Each structure stands twice: as C-alpha cells, then as structure tokens.
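Student: task: produce atomic coordinates for the following.
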Amino acid sequence: MKVARRASLVLAVLLMAIPMRVHAQAYAGQLGVGLYSPSPYVGPIAPDFGGEIGLFTIPTGDTLPARGFSLGLYFQNVKLVAAEDPSFPASDRHRGYNKSNFQGSIAYGLGNHFEIFAAAGEERIKSRGGWTTGVINGLELAGRFTQTDPSKMRVGVKVAMWEPGSRGRLALYVAALIPVANDQDFIETRRTDWEFGASGSIGILTGNVDYLLSSRRSTDPDIRVPNRLRFAVGTDVPLGPLHWITELDRNVYDNASVSEGSPDLKSPDYSYFASGVRVFLGHTGIAVTAALNANVDQLVRHGFSPTPIGGILGITYAPFPAPPAPPRPLPPPAVAATVTETETAPAEEEAAEPAPAVEAPPAAPPAPQTKTTTDTIGFDRGGSRLTNIAKAILDGVALRMKNDLNSTAVVTGYSDNAGSEDANLKISAQRADAAKAYLVERHGIDAARIRTAGRGSADPVGDNATEEGRAKNRRAVIVVTFVSGS
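Tutor: Okay, the predicted model is just below:
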C-alpha cells in the first residue's frame, strides 16, 4: 500500500512537470505548440460539475479564454455501493446508498491556455434498499441512515495545449479537495485529497484519465481510504443550440485497510454512464443541462431492483465565442481630377483688357497601383504540419507584409486526389489555416489581413497518377497584394 501511494506521488510530479517543460521548449522556439494562441475549438463551452471546462463530469481539452470567467450550479444524484464490513459481510444489494450533491463553481481564465477553478457545496448520503451495514470512506455505518455534510472544496488549475492548424486539444490539471469542516463523524475525511488528470479532445470526442489520491481517515487506528483511478470517454454532438452529451467511465479503487495486514476495505469498482442535453440560450453564454445517469454494474447485476438510475441538473455561464472579424477591405482608388479648358478670346476683342487668369486646381495624386506576389508551400501526405522549408517561405511573406501595412493576403489550400472529396476539402482548409496561424502567431500579422480557403483536389499542378505529381498538389498558395505608395 505504501509503495502504491509513493508511486502515485511520483506520477503526479511527472504529470505537473510536463506543461512546464513544454512551456520552456515553446518559449525557446524548439516546439511548434501554440501556447499563446487562441484555441482551435470555436464552439460554445461550459463548466462541468467539478468547475473546469468540460462535459457533465469529464473535463475536456479546452480552457476559458484569457480574462473570461465561468459560473456553474449543479445538482447530481448517483447510486453507489459501499465497501463490505469484514465483521458483518453483506451482499451489494444490502450496501447500496444514494449520494446527492448540490454544488456551485467559479473559474477564471488567466490566459488562453490557463484557468483556475473552485467548487464547493453540500452532499447528502442516504442508505437505500435493504441496507444492513457497510463502510464509506473508512467510516462504518450500521443500520439505515441519512447524513448531510459539507463537501470538500475543490480548488485547482488546468493547463491546455494545442498546435496551430490542429483540431486536437490536450489539457492537464491538478486539484486539491480541501475539507471545510473538522468532524470525525462526517463521511468526508478531515484531510486534503489530491486529484491529477489529463484530458484530450478532438472533434466531438473527449478522453480522460484521472487519479484521486485519498487522505487517511485517521492515524490511530490507521484507517486508509482507497484511492481511485478513473478512465472516461465522452462525446458532445452539437445540434444547433442543443448539444447531446454522453459519458462513460470506469472507476477502479485500490485496496484500503484499517492497518497494515488487516482485511481490505476496498469499495467495489463500478462503471458510470450518463446521457443528456445541454442547451445554450442564444449567444448569452448561459446553458441549461439535464441528463440521466446509471451505475452500469448494478444495472447488469440486479436490473432495476433496486434502481441504478440517477440524474444531473445544472445551469452554467461561460463566455460565448465571438464571431470572426471580417477581412479588412482594400482602399478605394482615388478619382482622377478633371482638367478645365479655357477658351481664347475673339480676335476683335484682343485690344480689350485681359481677364485675370484662373488657376487650374492641383492635380490629384495618381491612383494607387497594386501588385501581387505568389508563394507556394508544400505539405506531407495527409497532414497540415508546416515543414521547416514552409516556415522559411512564410517568414519571407511576413517580412513583406510588415513592410506594407496595407497589404493583404489570400491563402488557398489544396490536396491531391487520394481521398474523398470531403476529406480533401477538409485537409486543404486545415493547410490554409496552419499557414495563417503561423503568420499571425509567430510574426504578429493582423488576422483580419489574411483570408483562407480550401479547394480540395481542384486545380492540380502535377499529375495525380504519380507520387511526384501528388506531392506538388499537396500545397498552399499565398497571394499577397501590395498597394504602391503605402
């Protein structure tokens, strides 16, 4: 048991060292990860039950935008099974209980990739069915009971990483679960628990691994609460303002004991399934959540007697994503000045006193003349990652655009014909977005000066029947328009 706890501490230290190492490499220019760029995810976000940006109970790979904040208010009910008391063995039918939580949360984005969050509330634990006796968090509970305690305050940080031009997002987080009361009869322990996790999101899919390092209930006697390892996967399917969210996880507990060599007080492992909707109210950032959940293990073993069904309700706020800025229009050409002709006086009036000369208005400056340059960068098969050669070409494009602040660019991505047309259009758009992201993030070019488009396998410049020709077609073309005199 001691070895397992030391191993989890080492894992936690390594987990928190990853973002520091990535930050150092990115700052030194050794890693192509846009730690200071906006997230590639442009859909609406909301805090989960724990306070960080996520689904219902699964954190996603996203964080709040810089200086954005979120609020959450949730009620959750789950059906669980207590650990078996070795002195009074009982089947899991007689160790079932309800756990209901009413919890509020707040979070703040310190940067586009860094958020802090806090959540706290109240929990109500009640025996159900034919409860006889069991152990919850190292506390033995005999006979039917109902107990309401303050839940531990969950305070943590979350760091997200993503690469320009990629749809994938990775986030690492750590949280402390701090007791707010000091009563040995509370079901929650009087010491701080630690939680470490990682989440990855791409498209509608999110995966999560989470480890909860539980504190001891007491040292005399030595009562230890089992640690929990959670594997989870979830989907978020947008259907307009309504998002259909589904979660499935597996919770695995290690062996806890009263003292070294004593019988185990391990809670039974279980799987949790939830499915429901989150409705975003226009562009206000307010969302309403409603879902049903089920203890899958109880459902498989005993069906609906007793019922394994619970639920979750919530109302949240998070900043709604702003629409993209429109491209900056080119300045209109100046109107050429008209030239006024003066008539000569008749011959018979030559002797008359000449009229004062009328000066013609000064001529307007010539209309600005435009010129363009065209650059082409290549990509590897099936990818949108910029090569070193492509970055060198884009460095030259950025230098020219910095020298002419009125210049604009159009980046058009292309692909070969190896995949379906939908896939080719998608990868070509990602290639154009990757080039734009490099100009904006690495060189500070105003994003409004750059437009992107994906043309798929259209307009090939090479023969798609040969590998050499397909390599030429996997490209992005950057056309920069300059205005003379600017």
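Student: so where is the stretch 351-486 of the chain shaky, pLDDT-wise?
Tutor: Scanning the stretch 351-486 of the chain for pLDDT under 70 picks out the ranges 351-368, 484-486.
Student: for it, what spans make up the strands?
Tutor: In the stretch 351-486 of the chain, the strands defined using DSSP state E, counting those that start in this stretch lie at 370-378, 408-413, 450-454, 475-483.
Student: and after the helix or strand of the chain with the lowest mean pLDDT, which helix or strand comes next?
Tutor: Of all helical and strand segments in the chain, the minimum by mean pLDDT, DSSP states H and E falls on helix 2-27, at a mean of 46. Sequence-wise, the next helix or strand downstream of helix 2-27 (DSSP states H and E) is strand 69-81.
Student: with adjacent residues omitted, what lies nearest to residue 197?
Tutor: Nearest non-adjacent residue to residue 197, counting by Cβ to Cβ, 6 or more residues apart in numbering: residue 210, 3.8 Å away. Heads up, the C-betas are built off the backbone N, CA and C, glycines and all.
Student: okay, and the beta partners of the one you found?
Tutor: residue 197, residue 230 (DSSP bridges).
Student: contacting residues for residue 285?
Tutor: Residues in contact with residue 285 (Cβ atoms under 8 Å, 6 or more residues apart in numbering) are 44, 317-320.
Student: tell me which residues in stretch 138-152 are buried?
Tutor: Within stretch 138-152, the residues that qualify as buried are 138-141, 147, 149, 151-152, counting by 16 or more other Cβ atoms under 10 Å.
Student: circling back to that earlier point, quick one: which of the contacts of residue 285 is most hemmed in?
Tutor: The most neighbours of any of those, using other Cβ atoms under 10 Å, belong to residue 318, which has 24 neighbours.
Student: ok, that one touching residue 51?
Tutor: No. Using Cβ atoms under 8 Å, residue 318 is not in contact with residue 51; the gap is 11.3 Å.
Student: can you verify residue 217 is assigned to a helix?
Tutor: No. Counting by DSSP: H, G, I helix; E, B strand; the rest coil, residue 217 is not part of a helix but strand.
Student: just to revisit the earlier point, adding mean neighbour count and distance to residue 73, write the strands of the stretch 351-486 of the chain out as CSV.
Tutor: Shown next, in CSV, are the strands of the stretch 351-486 of the chain (neighbours: other Cβ atoms under 10 Å; distance: least, Cβ to Cβ, whole Å):
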stretch, mean neighbour count, distance to residue 73
strand 370-378, 15, 49
strand 408-413, 23, 43
strand 450-454, 19, 40
strand 475-483, 20, 46
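Student: residue 425: which of the ones you listed is closest?
Tutor: strand 450-454 (5.3 Å; Cβ to Cβ).
Student: direction included, what does the closest one pair up with?
Tutor: Strand 450-454 has the following sheet partners, assigned by DSSP bridges: strand 408-413 (parallel).
Student: what sits up against the partner strand?
Tutor: Strand 408-413 has contacts (Cβ under 8 Å, 6+ apart) with 327-328, 330, 397, 401, 427-433, 435-436, 439, 445, 449-455, 475-481.
Student: number of residues surrounding the closest residue to residue 296 other than its chain neighbours?
Tutor: Spatially, and ignoring its direct neighbours in sequence, residue 296 is nearest to residue 271 (3.9 Å; Cβ to Cβ, 6+ apart). Neighbour count for residue 271, taken as other Cβ under 10 Å: 18.
Student: next SSE downstream of the host helix or strand of residue 271?
Tutor: Using DSSP H and E, residue 271 falls within strand 270-280. Counting by DSSP H and E, the next helix or strand C-terminal to strand 270-280 is strand 286-295.
Student: in that following strand, which residues are buried?
Tutor: 286-287, 289, 291, 293-295.
Student: mind jotting down where the helices sit in the stretch 251-400 of the chain?
Tutor: Along the stretch 251-400 of the chain, the stretches classed as helices by DSSP state H, counting those that start in this stretch are 296-302, 388-403.
Student: could those go into JSON lines alongside mean neighbour count and distance to residue 110?
Tutor: Putting the helices of the stretch 251-400 of the chain into JSON lines (neighbours: other Cβ under 10 Å; distance: least, Cβ to Cβ, whole Å) gives the following:
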{"stretch": "helix 296-302", "mean neighbour count": "16", "distance to residue 110": "37"}
{"stretch": "helix 388-403", "mean neighbour count": "15", "distance to residue 110": "29"}
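Student: of those helices, which approaches residue 69 most closely?
Tutor: Of all those, it is helix 388-403 that lies closest to residue 69, at 34.2 Å by Cβ to Cβ.
Student: check which helices and strands the closest one sits against.
Tutor: Helices and strands touching helix 388-403, by 3 or more Cβ pairs under 8 Å, 6 or more residues apart in numbering; DSSP states H and E, are strand 370-378, helix 421-443, strand 475-483.
Student: residue 116 contacts residue 108, doesn't it?
Tutor: Yes. Using Cβ under 8 Å as the test, residue 116 is close enough to residue 108 to be in contact (5.7 Å).
Student: and the pLDDT for residue 132?
Tutor: Looking at residue 132, its pLDDT reads 87.
Student: check contacts around it.
Tutor: 88, 90, 94-95, 142-143.
Student: okay, and which of those map to strands?
Tutor: residue 142 (DSSP state E).
Student: just give me the closest of the contacts of residue 132 to residue 375.
Tutor: Distance to residue 375 across the contacts of residue 132 (Cβ to Cβ) is lowest for residue 95, with 68.9 Å.
Student: distance of that closest one relative to residue 267?
Tutor: 10 Å (Cβ to Cβ, to the nearest Å).
Student: shared neighbours, those two?
Tutor: 81-83.
Student: same list (these) but as TSV, adding distance to residue 187.
Tutor: Listed next are the shared contacts of residue 95 and residue 267 as TSV, based on distance: Cβ to Cβ, whole Å:
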residue	distance to residue 187
81	15
82	10
83	12
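Student: quick revisit: CSV for the buried residues of stretch 138-152, including distance to residue 384?
Tutor: Formatted as CSV, the buried residues of stretch 138-152 follow (distance: Cβ to Cβ, whole Å):
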residue, distance to residue 384
138, 51
139, 54
140, 58
141, 56
147, 55
149, 51
151, 44
152, 43
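Student: ok so, going back, tell me the one among the buried residues of strand 286-295 nearest to residue 62.
Tutor: Using Cβ to Cβ, residue 287 comes nearest to residue 62 of those, at 14.2 Å.
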